[in-house]
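> just coords:
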């Protein structure tokens with residue numbers, strides 16, 4: 001869970017008919033589902049066929065995970081200047097979600113391209129970029145799976161935030177992701193990964209901000225993201241997620257389980273190296289450099305890992 005939440009190239013388009021739905025159509029379909037059942041529980045469905053229902057509601061995701069994007073981008077700029085000798089212009093964002101970074105990056109002189117496995121998120125992001133007049137020349141978004149998306153035109157840098165990489169739970173899928181990213185970034189390119197590691201003591205996962213509240217434009221959210229237990233054998237962190245929504249009088253309850261990678265520091269470094277990435281820096285949520293010999297574990301909270309692509313990929 002991210003603690004710093006504000007609580008208040010060659011792109012081949014997918015011309016399949018299944019990807020022609022508008023964002024409003026997707027929202028309407030999701031709301032129709034909610035009207036039939038008060039509580040949506042992902043465990044009742046075949047997990048191989050269902051994307052978490054929460055990700056079918058990008059408007060609420062966008063509100064729930066609001067953050068200080070401008071300060072994040074200024075920090076990214078510092079990292080680009082310090083760790084890369086490239087003139088960073090093009091930035092790739094896997095698992096871009098509702099497009100909050102895609103919208104802001106062009107204001108700092110970057111071209112941004114994001115991709116996400118959720119069709120609802122992609123359509124929401126696209127509409128967001130169109131509203132501010134930057135789609136598709138300054139920012140773009142496409143449907144894609146972070147396990148294996150590779151771009152012919154190489155990018156100068158990449159970012160992935162809110163522990164989104166954790167949704168790849170198998171080592172082979174994580175390795176595949178890093179290999180794909182290595183092929184999509186120029187040699188010397190920086191990849192900034194925001195994640196949290198396993199706590200040495202599970203009690204430290206029980207944080208005071210497991211539940212937070214957001215209120216904006218008549219929408220009230222009560223969001224709970226609670227780590228329940230560790231599966232050490234399979235390296236899985238089990239999370240209980242609940243969102244109580246009051247959207248101008250319409251009440252919705254989302255309740256589902258999320259399984260994420262249980263990150264161990266040495267394990268992460270080994271997997272990243274399979275794609276040609278080397279760790280060059282670690283920062284906390286205050287953008288402060290963590291000293292070199294500090295034990296890296298969950299007690300540090302969420303961290304930014306600065307990876308550098310040190311190999312020339314074909």
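Alright, I've got the coordinates. This one's a predicted model, so the numbers in the text were calculated from it and none came from an experiment.

> what about residue 306, helix or strand, and which?
Per DSSP states H and E, residue 306 falls inside strand 303-309.

> And the strands in the stretch 101-250 of the chain?
Per DSSP state E, counting those that start in this stretch, the stretch 101-250 of the chain carries strands over the ranges 111-116, 139-143, 155-160, 185-195, 211-216, 219-231, 236-247, 250-261.

> Can you tell me the strand partners of the third one and which way each runs?
Pointing back at strand 155-160 there. According to DSSP bridges, strand 155-160 forms sheet pairs with strand 90-94 (parallel), strand 185-195 (parallel).

> quick check: mean pLDDT across that strand?
Mean pLDDT, strand 155-160: 98.

> pLDDT averaged over the strand holding residue 306 - what is it?
Over the span of strand 303-309, the pLDDT mean works out to 98.

> Give the next helix or strand downstream of the lowest-mean-pLDDT helix or strand in the chain.
When the helices and strands of the chain are compared on mean pLDDT, DSSP states H and E, strand 39-40 comes out lowest with a mean of 38. For strand 39-40, the following helix or strand on the C-terminal side (DSSP H and E) is helix 58-64.

> List the contacts of that following helix.
Contacts to helix 58-64, defined as CB atoms under 8 Å, 6 or more residues apart in numbering, come from residues 5, 23, 27, 54-55, 97-98, 100, 118, 120-121, 124-125, 214, 216, 219, 221, 223, 243, 245, 247. Placement of C-beta: from N, CA and C, glycine included.

> relative orientation of the helix or strand that that helix is followed by and strand 185-195 in degrees?
Sequence-wise, the next helix or strand downstream of helix 58-64 (DSSP H and E) is helix 69-83. Taking axes from the mean of the first three to the mean of the last three CA atoms, to 10 degrees, one finds that helix 69-83 is oriented at 130 degrees with respect to strand 185-195.

> Against which helices or strands is helix 69-83 packed?
Using 3 or more CB pairs under 8 Å, 6 or more residues apart in numbering; DSSP states H and E, the elements in contact with helix 69-83 are helix 100-104, strand 155-160, strand 185-195, strand 277-283, strand 303-309.

> pLDDT of the fourth one, averaged?
Translated: strand 277-283. In this model, strand 277-283 has a mean pLDDT of 98.

> what number of residues lie near residue 111?
Look at residue 111: counted by other CB atoms under 10 Å, it has 18 neighbours.

> Let me see the contact set for the residue lying closest to it once chain neighbours are set aside.
Excluding its sequence neighbours, the residue lying closest to residue 111 (CB to CB, 6 or more residues apart in numbering) is residue 90, at 4.9 Å. Counting by CB under 8 Å, 6+ apart, residue 90 makes contact with 9, 110-113, 153, 155-157.

> Farthest pair within the residues you listed?
Greatest spacing in the contacts of residue 90, by CB to CB: 110 and 153 (14.7 Å).

> The two: who's more crowded?
Neighbours were tallied for residue 110 and for residue 153 using other CB under 10 Å; the higher tally belongs to residue 110 (22 against 12).

> pLDDT wise, what is that one at?
Reported pLDDT for residue 110: 98.

> Could you verify my assumption that it touches residue 93?
No - here residue 110 does not reach residue 93: they are 10.5 Å apart, not a contact under CB atoms under 8 Å.

> what stretches of the stretch 1-150 of the chain score poorly on pLDDT?
Within the stretch 1-150 of the chain, the ranges that satisfy pLDDT under 70 run 1-52.

> In CSV: the strands paired with strand 155-160, plus distance to residue 230.
Below are those laid out as CSV (distance: least, CB to CB, whole Å):
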stretch, distance to residue 230
strand 90-94, 25
strand 185-195, 15
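
> ok, and which of those has the densest surroundings?
Among the strands paired with strand 155-160, strand 90-94 has the highest mean neighbour count (mean count of other CB atoms under 10 Å), at a mean of 25.

> Grab the nearest non-local neighbour of residue 283.
residue 304 (4.4 Å).

> what residues are up against that neighbour?
Contact analysis of residue 304 by CB under 8 Å, 6+ apart lists 75, 79, 192-194, 282-284, 287.

> Could you report the distance from it to residue 69?
Note on residue 304: its distance to residue 69, by CB to CB, to the nearest Å, is 14 Å.

> Residue 288 now?
For residue 288 relative to residue 69 (CB to CB), the value is 19 Å.

> Please identify which of these two sits among more neighbours.
Comparing residue 288 with residue 69 by other CB under 10 Å, the one with more neighbours is residue 69, at 16 against 9.

> before we move on, the earlier item: specify the angle between the strand holding residue 306 and helix 69-83 in degrees.
40 degrees.

> so strand 303-309 versus strand 277-283, what angle?
150 degrees.

> now strand 303-309, how far from the centre of its chain.
Chain-centre distance of strand 303-309: 15 Å, with CA atoms, centre = their mean, to the nearest Å.
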